[in-house]
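Novice: here is my input; please provide its structure:
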Amino acid sequence: MRRAFRRQMRKGFEPRVPPILQEANLAFDKGEYGRAAELFEQIASNADARGGSRAAVFHLQAGRARILAGQSSLGMPSLKRGLDLLAQSGRHLRLHRARRQLISELHERGLTKEAAEIESWHKTDSSPLPTPDETEARTKRPILPTHCPSCGAALKSDEVEWLDDVTAECEYCGSPVRQAK
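Specialist: Numbering: from 1, shown residues only. This next block holds a predicted model:
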């Protein structure tokens with residue numbers, strides 16, 4: 001079985017986080033969804049152009065921001081692009097979680113037509129349904145800070161990739177994040 005490559009982080013190493021990402025996360029947190037969407041779309045476009053592994057996350061966040069700004073017709077292409085990128089990269093567990101969360105968020109906002117679009121996309125997708133690893137399901141994870149200290153993105157312990165038992169990786173900037181104190 002092939003082991004996943006993990007970057008070794010030096011103690012005290014602070015990755016360079018682009019100011020546009022910090023600005024996008026701040027705008028999203030402040031409820032300035034239109035501005036956040038524009039910034040996330042720009043970041044996603046740049047990540048797409050260079051084949052960046054985080055492009056899917058940026059497309060999904062741009063789509064969510066458009067939806068929250070009341071611009072669902074502009075948000076749906078970003079959401080679909082993000083889901084497509086997750087499927088293409090073989091990140092099936094993340095894809096499953098993202099689809100489930102998006103459908104729930106769309107229903108909560110009364111966007112049943114858009115939720116149905118995501119659900120129908122789900123039915124045509126042939127990616128295997130993920131089965132969580134037994135050890136992953138039994139492992140109690142530490143509580144993370146609510147936001148990444150580097151880029152300001154909101155963190156959810158069930159959506160981050162865990163590097164070890166106490167360290168997660170921010171899905172937006174790749175910074176290691178440890179338990180909240």
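Novice: so how far is residue 87 from residue 146?
Specialist: When C-beta to C-beta, to the nearest Å is the yardstick, residue 146 and residue 87 sit 29 Å from each other. Yep, even glycine has a C-beta here, placed from its N, CA and C like the rest.
Novice: same check, this time on residue 166
Specialist: Computed with C-beta to C-beta, the distance linking residue 166 and residue 87 is 30 Å.
Novice: more neighbours, these two?
Specialist: residue 87 (18 against 13; other C-beta atoms under 10 Å).
Novice: that one and residue 95 touch, don't they?
Specialist: Yes: Residue 87 lies in contact with residue 95 (C-beta atoms under 8 Å); the separation is 5.6 Å.
Novice: which regions of the protein sit below the pLDDT cut-off?
Specialist: Applying pLDDT under 70 to the chain flags the ranges 1-15, 122-140, 180-181.
Novice: and the next element down the chain from the helix or strand containing residue 103?
Specialist: Counting by DSSP states H and E, the secondary-structure element that holds residue 103 is helix 92-108. Toward the C-terminus, helix 92-108 is succeeded by helix 112-124 as the next helix or strand (DSSP H and E).
Novice: got the contact list for that next one?
Specialist: By C-beta atoms under 8 Å, 6 or more residues apart in numbering, the surrounding residues in contact with helix 112-124 are 67, 72, 76, 79, 80, 83, 99, 102, 103, 106, 107.
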